[in-house]
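Chemist: sequence unavailable; structure follows:
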């Protein structure tokens, strides 16, 4: 069995896309998907017990509820990991994935990640691509010594390490700095960091308007990356104004 942990809440558009991308996954083994939603109203009810054959769905609702301006990603991820350790036999778990709600996963993502797992304790894809759907801009990041959190998977022996890292601003960088028996690879961009979706603001700079990224006004680059699935993001384009990320970070300064 593999386990997916998705920290989310107040992100209906993101989660709806995430659920459709998970439904298309070609991985044929058993999957436990732990969905952690800390917002009211709950926006994850569309995924139910009958989501997919061979997939078990569990919901966790941490409290206190998320409030505007808070970053509860680490808390929610830890709530999912703690739920796993408290309710399941870890000997039955081959690998744990952090599946973020707003990122794009190719149908082969889980399958190919498991192929790359081999004898390693932590795996991830480097040189992450960010694509901001609001401003239609993209960049290939130079992360060669760590994988983004949404592209990270690990065996159960590293759960305590991930739990220790959850309060760091950059959870992924801290985890990869401390993890041992790890493997970073590059394979056709199995997942892409999608930024600028509506709803609860993302925390990374890629969500804002000012990050130095390459323009893609006609979406040709996105279509090159993900083909016809680029249409999923067409409606989020805007030509002026600020994102919620921009507004919140302007207030901090």
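Modeler: Received, thanks. Here the structure is a predicted model, which is why all the values come from computation and not from measurement.
Chemist: distance of the residue nearest to the spatial centre of the chain relative to residue 50?
Modeler: The chain has residue 100 as the residue nearest its centroid, 1.9 Å off, counting by C-alpha atoms, centre = their mean. According to C-beta to C-beta, to the nearest Å, residue 100 and residue 50 sit 24 Å apart. No exception for glycine: its C-beta is placed from N, CA and C like everyone else's.
Chemist: any regions of the stretch 151-253 of the chain where pLDDT drops low?
Modeler: Applying pLDDT under 70 to the stretch 151-253 of the chain flags residues 201-211, 239-253.
Chemist: tell me what whichever helix or strand residue 97 is part of is packed against?
Modeler: Assigned by DSSP states H and E, residue 97 falls within strand 95-98. Counting contacts by 3 or more C-beta pairs under 8 Å, 6 or more residues apart in numbering; DSSP states H and E, strand 95-98 packs against strand 2-8, helix 73-87, helix 109-117, strand 152-154.
Chemist: go again using 7 Å as the cut-off
Modeler: Strand 95-98 is packed against strand 2-8, strand 152-154, with contacts defined by 3 or more C-beta pairs under 7 Å, 6 or more residues apart in numbering; DSSP states H and E.
Chemist: could I get those as TSV with distance to residue 191 and mean neighbour count?
Modeler: TSV is the format used below for those (distance: least, C-beta to C-beta, whole Å; neighbours: other C-beta atoms under 10 Å):
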stretch	distance to residue 191	mean neighbour count
strand 2-8	13	24
strand 152-154	10	26
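Chemist: as CSV, the ones you listed with distance to residue 19 would be great.
Modeler: Compiled in CSV, these are given as follows (distance: least, C-beta to C-beta, whole Å):
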stretch, distance to residue 19
strand 2-8, 9
strand 152-154, 19
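Chemist: mind jotting down where the strands sit in the stretch 151-253 of the chain?
Modeler: For the stretch 151-253 of the chain, applying DSSP state E, counting those that start in this stretch gives strands covering 152-154, 182-185, 191-195, 214-215.
Chemist: so how far is the shortest one off the chain centroid?
Modeler: If you compare the mean C-alpha spot of strand 214-215 with that of the full chain, they lie 23 Å apart, counting by C-alpha atoms, centre = their mean, to the nearest Å.
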